[in-house]
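Student: Sequence and predicted model, in that order:
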Amino acid sequence: MMSHAILHTVNQSPFTHSALEQCLCYTQECDAILLLENGVYAALLTHPLSDKLSGKKCYAIEADLQARGLLEQTLASHIQLINFTDFVGLTTQYKLVQSWY
Amino acid sequence: MTENKKIGITLRHAPYGSDLAQEALDATLAMGLFGQQITLFFLADGVFQLLKSQSSSDIHQKSVEKQISAFELYDIERVFVCAQSLRQRNIDTHSLCIDAVCLSAAELQKALSTQDTVLSF
Amino acid sequence: MPIVINNVNIDTDKEGYLKNLDDWNEGVAMEIARQEGIELSDKHWEMVNLIREFHTNFELSPAMRPLVKFTASKLGKEKGNSIYLMQLFPGSPAKLLSKIAGLPRPKNCL
């Protein structure tokens, strides 16, 4: 377990909502960001916060991307696609989970 | 719950527009009564919960300000507020209804990471 | 038990707390107290008024600890302690006092 790292989950689109922007303000080096539900629109190559997000460790739920037709789009290469079992694994790896919604 | 667990509560939403502020208050006061070490983090629009002069009876809701004013009686003593969020909204600390400690985003992140658990409202 | 004052029924929940805070008056308080086996003395009234002040200030029905702290700050330590409150309102003072004062049932109060 990573002693002081936080897993931040974001479930809102960066195009309509400030959840990701707020999340990025309070994220430090060792933390990770997990995109789910409408949060997966932030996995697109370009969006208002793509530059800031590119420096972060970042995961996205593949089923949420697939459901929205986003697997056919150009995605940011550093974002790791995961399934729900991986998601559960991540929540046990990190000491804390902060949800941005 | 084990004794003296460090519980961080993040509050990011403005009061009254949803139930989140009231739910956060209910959880805070309950856990305070059960002897948990509570630290509150008012971030983003959550800082609006701390404004003075709220008067919500005409919209038939309990005053968030009045309930926050009871924190001391419920042994809730660690209240942090994000300096940047206040600045973005042009809110002076004198406009806040309780003494909250102003911290930078980095300081807040650090304080958050030392909690045993975090509840996000 | 229903409360009837001057042939007017006053709505209470199944634990006997008033449904509408505005229905409260001193007669209602005395009737609820009587049903709980308490005759209200000046000392009781002092506490009834104090817990109503708490509710006006904070929009909360206090649990025991905040009630004790608030009482100590307003009336001093001789009254701001659980023994004093237990003597006046035996069993669960915060709940009993809230009921008599016409306030909602305190949350999270054992």
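Tutor: Received the coordinates, thanks.
Student: list the contacts for residue C:3?
Tutor: C:9-10, C:12, C:28, C:31-32, C:35 (Cβ atoms under 8 Å, 6 or more residues apart in numbering or on different chains). Quick note: C-beta positions are derived from backbone N, CA and C, even for glycine.
Student: quick one: contacts for the closest residue to residue B:78 other than its chain neighbours?
Tutor: In this structure, residue B:78 finds its nearest non-sequential neighbour in residue B:39, 4.2 Å apart by Cβ to Cβ, 6 or more residues apart in numbering or on different chains. The contact partners of residue B:39, by Cβ under 8 Å, 6+ apart, come to B:6-9, B:78-80, B:111, B:115.
Student: Return the backbone torsion pair for residue B:39.
Tutor: As for residue B:39, its main-chain torsions (degrees, to the nearest 10) stand at phi -130, psi 130.
Student: quick one: pLDDT of it?
Tutor: With respect to pLDDT, residue B:39 scores 98.
Student: Specify the beta-bridge partners of it.
Tutor: residue B:8, residue B:78 (DSSP bridges).
Student: Distance of it relative to chain A?
Tutor: 13 Å (Cβ to the nearest Cβ, to the nearest Å).
Student: quick one: buried residues of the lengthiest helix in chain C?
Tutor: Criterion DSSP state H: the longest helix present in chain C is helix C:42-58. Under the neighbour-count criterion of 16 or more other Cβ atoms under 10 Å in any protein chain shown, helix C:42-58 has C:44, C:47-48, C:50-52, C:54-55, C:58 buried.
Student: Kindly reformat those residues as a markdown table containing pLDDT and distance to residue A:67.
Tutor: Output for the buried residues of helix C:42-58, formatted as a markdown table (pLDDT from 0 to 100; distance: Cβ to Cβ, whole Å):
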| residue | pLDDT | distance to residue A:67 |
| --- | --- | --- |
| C:44 | 98 | 63 |
| C:47 | 98 | 59 |
| C:48 | 98 | 59 |
| C:50 | 98 | 57 |
| C:51 | 98 | 53 |
| C:52 | 98 | 54 |
| C:54 | 98 | 51 |
| C:55 | 98 | 49 |
| C:58 | 98 | 46 |
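Student: Specify which member of those is nearest to chain A.
Tutor: residue C:58 (28.7 Å; Cβ to the nearest Cβ).
Student: Please pick the buried ones from the contacts of residue B:39.
Tutor: B:7-9, B:79-80, B:111, B:115.
Student: that older thread, show me what the longest helix of chain C is packed against.
Tutor: Judged by 3 or more Cβ pairs under 8 Å, 6 or more residues apart in numbering or on different chains; DSSP states H and E, helix C:42-58 is in contact with helix B:64-68, helix C:64-75, helix C:82-88, helix C:93-100.
Student: closest one to residue A:22 among those?
Tutor: Nearest to residue A:22 among the helices and strands packed on helix C:42-58 is helix B:64-68 (20.0 Å), distances taken as Cβ to Cβ.
Student: helices or strands up against the closest one?
Tutor: With contacts defined as 3+ Cβ pairs under 8 Å, 6+ apart, helix B:64-68 has these neighbours: helix B:20-33, helix C:42-58.
Student: Export these to TSV and append columns for distance to residue A:20.
Tutor: Shown next, in TSV, are those (distance: least, Cβ to Cβ, whole Å):
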stretch	distance to residue A:20
helix B:20-33	18
helix C:42-58	36
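Student: And stretch B:90-107, end to end?
Tutor: Separation of the first and last residues of stretch B:90-107 by Cα to Cα, to the nearest Å is 20 Å.
Student: Help me see whether it makes contact with chain A, please.
Tutor: Yes - using Cβ under 8 Å from any Cβ of the partner chain, we find that stretch B:90-107 touches chain A at B:105-106.
Student: mind checking how far that stretch is from the chain centre?
Tutor: 11 Å (Cα atoms, centre = their mean, to the nearest Å).
Student: Contacts for that stretch, please.
Tutor: The contact list for stretch B:90-107, computed with Cβ under 8 Å, 6+ apart, reads A:25-26, A:28, B:42, B:47, B:50-52, B:54, B:65, B:68-69, B:71, B:78-84, B:86, B:111.
Student: Please pick the buried ones from those residues.
Tutor: Buried members of the contacts of stretch B:90-107, counted by 16+ other Cβ under 10 Å: A:25-26, B:42, B:47, B:50-51, B:54, B:65, B:68-69, B:71, B:79-84, B:86, B:111.
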